[in-house]
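S.K.: compute the structure for the input listed below.
(one chain, ligands or ions: 1)
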Amino acid sequence: MIRTLLALALGGAVFGAFVAPASANPGKALITCVGCHDITDAKKQVVGPPLFGLYETKPTSKGISFAKWDKTSLDTWLKDPAAVKPGTAMAFKVKNDKKRAAIIEALAELK
Ligand code: HEC
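M.R.: Numbers count the residues shown, from 1 in each chain. Below is the predicted model of the structure:
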């Protein structure tokens, strides 16, 4: 029993290492988003639209006129959503430049 558990734990660790390289941990960078956004399923609407598979697609929310979500548009949006879409329901800003960059990197990996 113990041996089986140990094998499972080790197997999981090795498998995990292959699936998620140490540099890529989207969940960590997006921890402040998951209260309102699903990050694992491209179809699941929570408070806001799903973030999974969002990178390089067109915005789904009305009133956001970017051609697609990329580094520049995401940076502008996350800095101040209300400046992009007055009256937006996303009452959340990421003011820190480094945090925004990490979030955008994580979003690009969510696919
Ligand atoms: C308090 C809830 C809340 C939080 C926290 C939040 N969002 Fe949002 N987000 C929303 C809502 C609501 C919308 C829809 C906005 C609208 O239609 O005006 C939205 C829209 C978006 C969109 C536009 C998607 C599209 O295609 O239309 C992006 C991108 C986005 N959020 C990214 C993020 C990221 C990244 C984080 C974390 C750093 C985050 N949001 C945190 C509520 C939130």
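
S.K.: is it true that residue 76 touches residue 84?
M.R.: Yes - proximity of residue 76 to residue 84 meets the contact threshold set by C-beta atoms under 8 Å, at 6.1 Å. Every C-beta, even on glycine, is put in place using the N, C-alpha and C of the backbone.

S.K.: who's more crowded, these two?
M.R.: residue 84 (19 against 14; other C-beta atoms under 10 Å).

S.K.: where's the more buried one relative to residue 40, distance?
M.R.: Per C-beta to C-beta, to the nearest Å, residue 84 is found 25 Å from residue 40.

S.K.: tell me the confidence at residue 54?
M.R.: As summarised for this prediction, residue 54 has a pLDDT of 96.

S.K.: before we move on, the earlier item: quickly list what's touching both of residue 76 and residue 84.
M.R.: Contact criterion C-beta atoms under 8 Å, 6 or more residues apart in numbering; residues shared by residue 76 and residue 84: residue 66.

S.K.: now for the chain, the helix or strand with the poorest mean pLDDT.
M.R.: Here the helix or strand of the chain ranked lowest by mean pLDDT, DSSP states H and E is helix 2-19, holding a mean of 47.

S.K.: enumerate the residues of the protein near the ligand.
M.R.: 30, 32-33, 35-37, 47-49, 51, 54, 59-61, 64, 69, 77-78, 85, 88-92, 94, 103, 107 (C-beta under 6 Å from any ligand atom).

S.K.: among these, which are in helices?
M.R.: 77, 78, 103, 107 (DSSP state H).
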